[in-house]
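In: this is a predicted model, with the sequence first.
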Amino acid sequence: MTMPFYVSPEQLMKDRADFARKGIARGRSVVVLAYEGGIAFATENPSRALHKISEIYDRIAFAAVGKYNEFENLRVAGVRYADLRGYSYDRTDVTARGLANAYAQTLGTVFTTESKPLEVELVVAEVGATPAADQIYRLSYDGSVADEHGHVVMGGQAEQLGARVTAAWHEGMSLTEVLALAVRTLGAVGTDGSVAAEGEEREIAPTGLEVAVLERAGRRRAFRRLQGATLAGLLERPDGGNGPDQG
Amino acid sequence: MTSADTSGRLPDAFLRPGSSSFVDFLAGHAPDLLPGRRDIGGAGVSAEGLAPHATTIVALTFGTDEGGRGVIMAGDRRATAGNLIASREMEKVFAADAYSVVGIAGSAGVAIELVRLFQLELEHYEKIEGSLLSLDGKANRLSTMIRGNLPLALQGLAVVPLFAGYDLDRGYGRLFSYDVTGGRYEEHDHHTVGSGSVFARGALKKLWRPGLDADAAVAVAVEALYDAADDDSATGGPDPVRQIWPVVTVVTADGVRRTDDDELAATVERIVAERGAAHRAAHGDRPAGGGVRSGQQGGARA
């Protein structure tokens, strides 16, 4: 007769967290940066069809790192949640906060009750009428939520990259400036996973990037993907986009 | 939200992989939110006359193969309840998505709800799949939704839409009409639905010709609605007193554009002036009867 080994709750949670963290760290990073005219999302992703950044609702977008099948499932659930809510109440009643809460509960329940936690990390962002009204929520595999101010880095080497972004980001940046910062940050991780020193980042071609923005002004649906010539044009600033013009 | 789950966790139905259709998702998760699923009482009870009715919609194609062929859809602004005018400013032509429009005739409340659901259905698919539905796909989805409304239609709350859009694969604008059972028919050149449709269609047969440009086609649509309003009491004519003009949408490869009010005001003014001139040429400044009081008005109710 075998006796099950006693595993303390602390050890159980730590094992699960380590497992989830390892899975997430394997993937490429996603950078989310607020700029004057909205919120920009960027990641290194050569695929045109399998997205890590997507539209959820009129002014809400979703970005994820980790296992594709798991975050894709959460993304679809988010679109259903938002559309159902907007249909039964009103479009203005769909908020990033509500969606972040629903995701947090889902991630938290899976983390504690199921055999394996979800190996994902998410950002739910909503662009407001003013930069102060922008909301960026970062959700971890265990269901914890952080209300971030202005910038987030998720995925592999997130801590080191996050420190660089914190140092370089400031309020009122233009789109070209934040895109340059995003590409510089993504390029800091080498193909072997090592982090390059500042100034020695890898070049990433526009075709290898997935970039999208939530635009503050304009149409009802604020989400727009930047690709092809538009993206190349925005990234082509030799001075890194420090000029006075607003992208 | 209809879920009884109070944990705040997303219900399992949300996380189930599969359908990209919002209507299918609603049917499984919250069927009471679907317009056609409501039981309004015993069979055979007629709900007709309870709620406002929306009336005439016209649609026509324009352009040439070289210049690009688009479609125009226009609707009057009147909703009626019995012999009363329920609304003077109702809009019955809506952009369904960036490249298609839908116009509705029939029971106004149910129709507007159906349009809202249809718009959401297209947007939901676009967000989940990351690409637009084909125009035929959109037309078929609308067909399914109208079929779902059949129980209500049998009780007098019928909705008959007209659907038009720019087919991005084929490169030209197309028109689809429907019946209450969800039957879908592709129309060519032009089509009309609603209570004034007979008169509007007569006008379109005379006014429409191949190769119209967009401005001329807008004028034809407005004139067809003018003729419908002339003979059908449930169709509203242009209202210069309140500055209410028909809703006219133009769909081309560039997407859906709604014609602005100033342009419509000028078009209406021109049509009224032309008709006034034709009347004066025939009868001078008097009604066609010549002002003779006969007292013989037949059976019309006045």
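Out: Cool, the structure landed.
In: what sits closest to the closest residue to chain A within the stretch 151-300 of chain B if chain neighbours are left out?
Out: Nearest residue of the stretch 151-300 of chain B to chain A: residue B:255, at 11.3 Å (CB to the nearest CB). Using the backbone N, CA and C atoms, a C-beta is placed for each residue, glycine as well. For residue B:255, ignoring the flanking residues on the chain, the nearest one in space by CB to CB, 6 or more residues apart in numbering or on different chains is residue B:98 at 4.8 Å.
In: wait, what's in contact with that neighbour?
Out: Applying CB atoms under 8 Å, 6 or more residues apart in numbering or on different chains to residue B:98 gives the contacts B:132, B:255-256.
In: most neighbours of all those residues, which one?
Out: residue B:256 (23 neighbours; other CB atoms under 10 Å in any protein chain shown).
In: what about residue B:21, neighbour count?
Out: 16.
In: surely it and residue B:120 touch.
Out: No: using CB atoms under 8 Å as the test, residue B:21 is too far from residue B:120 to be in contact (10.4 Å).
In: quick one, what contacts the residue nearest the centre of chain B?
Out: Note on chain B: the residue nearest the mean C-alpha position is residue B:103, at 1.7 Å, using CA atoms, centre = their mean. Taking CB under 8 Å, 6+ apart, we find residue B:103 in contact with B:57, B:59, B:73-75, B:92-94, B:161-164, B:193.
In: rerun at 6 Å
Out: Counting by CB atoms under 6 Å, 6 or more residues apart in numbering or on different chains, residue B:103 touches B:57, B:73, B:75, B:92-93, B:162.
In: could the residues you listed be laid out in JSON lines, adding pLDDT, neighbour count and distance to residue B:230?
Out: Converted to JSON lines, the contacts of residue B:103 look like this (pLDDT from 0 to 100; neighbours: other CB atoms under 10 Å in any protein chain shown; distance: CB to CB, whole Å):
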{"residue": "B:57", "pLDDT": "96", "neighbour count": "34", "distance to residue B:230": "17"}
{"residue": "B:73", "pLDDT": "97", "neighbour count": "30", "distance to residue B:230": "20"}
{"residue": "B:75", "pLDDT": "96", "neighbour count": "31", "distance to residue B:230": "16"}
{"residue": "B:92", "pLDDT": "94", "neighbour count": "30", "distance to residue B:230": "19"}
{"residue": "B:93", "pLDDT": "96", "neighbour count": "25", "distance to residue B:230": "20"}
{"residue": "B:162", "pLDDT": "97", "neighbour count": "27", "distance to residue B:230": "21"}
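In: which ones among these are found in helices?
Out: Residues of the contacts of residue B:103 located in helices (DSSP state H): none.
In: JSON lines for those, including distance to chain A?
Out: Listed next are the contacts of residue B:103 as JSON lines, based on distance: CB to the nearest CB, whole Å:
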{"residue": "B:57", "distance to chain A": "24"}
{"residue": "B:73", "distance to chain A": "21"}
{"residue": "B:75", "distance to chain A": "22"}
{"residue": "B:92", "distance to chain A": "20"}
{"residue": "B:93", "distance to chain A": "18"}
{"residue": "B:162", "distance to chain A": "23"}
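In: next helix or strand past the helix or strand containing residue B:191?
Out: Assigned by DSSP states H and E, residue B:191 falls within strand B:190-193. The element immediately downstream of strand B:190-193 (helix or strand, assigned by DSSP H and E) is helix B:197-207.
In: mind listing what's buried in that next one?
Out: Buried positions in helix B:197-207, judged by neighbour count with 16 or more other CB atoms under 10 Å in any protein chain shown: B:197, B:199-201, B:203-204, B:207.
In: buried set for stretch B:224-243?
Out: B:224-229, B:232, B:234-239.
In: actually, stretch A:88-101.
Out: Per 16+ other CB under 10 Å, stretch A:88-101 contains these buried residues: A:94-96, A:98-101.
In: what residue ranges in the chain score low on pLDDT?
Out: All of this is about chain A. A:1, A:237-247 (pLDDT under 70).
In: nope, chain B please
Out: Applying pLDDT under 70 to chain B picks out residues B:1-6, B:38-45, B:290-302.
In: in it, which spans are helices?
Out: Using DSSP H, helices in chain B cover B:12-15, B:22-29, B:108-129, B:135-148, B:150-154, B:197-207, B:214-231, B:261-283.
In: again with chain A
Out: Assigned by DSSP H, the helices in chain A fall at A:9-26, A:68-88, A:96-113, A:158-168, A:175-187, A:228-235.
In: quick one: the second one near chain B?
Out: Pointing back at helix A:68-88 there. Yes: counting by CB under 6 Å from any CB of the partner chain, chain B has neighbours in helix A:68-88: A:73, A:76-77, A:79-81, A:83, A:87.
In: which bits of the stretch 51-200 of chain B sit near chain A?
Out: Residues of the stretch 51-200 of chain B lying near chain A by CB under 6 Å from any CB: B:120, B:124, B:127-128.
In: which non-adjacent residue is nearest residue A:25?
Out: Counting by CB to CB, 6+ apart, the nearest residue to residue A:25 once its immediate chain neighbours are dropped is residue A:156, at 4.9 Å.
In: give me the neighbour count for the one you found.
Out: Residue A:156: 17 neighbours (other CB under 10 Å).
In: show me what contacts the residue nearest to residue A:227 when sequence neighbours are not counted?
Out: Distances taken as CB to CB, 6+ apart put residue A:211 closest to residue A:227, at 7.1 Å, once the chain neighbours are dropped. By CB under 6 Å, 6+ apart, residue A:211 lies in contact with A:42, A:226, A:231.
In: and the gap between the first one and residue B:283?
Out: When you say that, I think you mean residue A:42. Using CB to CB, to the nearest Å, residue A:42 is found at 72 Å from residue B:283.
In: the two - which one has more neighbours?
Out: Higher neighbour count among residue A:42 and residue B:283: residue A:42, with 28 against 13, using other CB under 10 Å.
In: my read: the more buried one touches residue A:184, true?
Out: No: using CB atoms under 6 Å, residue A:42 is not in contact with residue A:184, being 10.5 Å away.
In: residue contacts, the closest residue to residue B:121 other than its chain neighbours?
Out: In space, and not counting its chain neighbours, residue B:121 is closest to residue B:22: 5.0 Å by CB to CB, 6+ apart. The contact partners of residue B:22, by CB under 6 Å, 6+ apart, come to A:83, B:120-121, B:124.
In: which of those residues sit farthest apart?
Out: A:83 and B:121 (9.2 Å; CB to CB).
In: can you give me the neighbour number for residue 111?
Out: Using chain A here. If we define neighbours as other CB under 10 Å, then residue A:111 has 20 of them.
In: switch to chain B, that's the one I care about
Out: Residue B:111 has 28 nearby residues by other CB under 10 Å.
In: how much space between it and chain A?
Out: From residue B:111 over to chain A the distance is 16 Å, taken as CB to the nearest CB, to the nearest Å.
In: what of residue B:63?
Out: 26 Å.
In: OK, contacts around the closest residue to that residue other than its chain neighbours?
Out: The spatially closest residue to residue B:63, leaving aside those adjacent along the chain, is residue B:69, at 4.2 Å (CB to CB, 6+ apart). Neighbour list for residue B:69: B:61, B:63, B:172-173 [criterion: CB under 6 Å, 6+ apart].
In: now render those as CSV, adding neighbour count.
Out: Output for the contacts of residue B:69, formatted as CSV (neighbours: other CB atoms under 10 Å in any protein chain shown):
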residue, neighbour count
B:61, 23
B:63, 20
B:172, 16
B:173, 27
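In: from these, which land in strands?
Out: Of the contacts of residue B:69, the ones assigned to strands by DSSP state E are B:61, B:63, B:172-173.
In: beta partners of the residue nearest to the centre of chain B?
Out: Note on residue B:103: beta-bridge partners by DSSP bridges are residue B:93, residue B:162.
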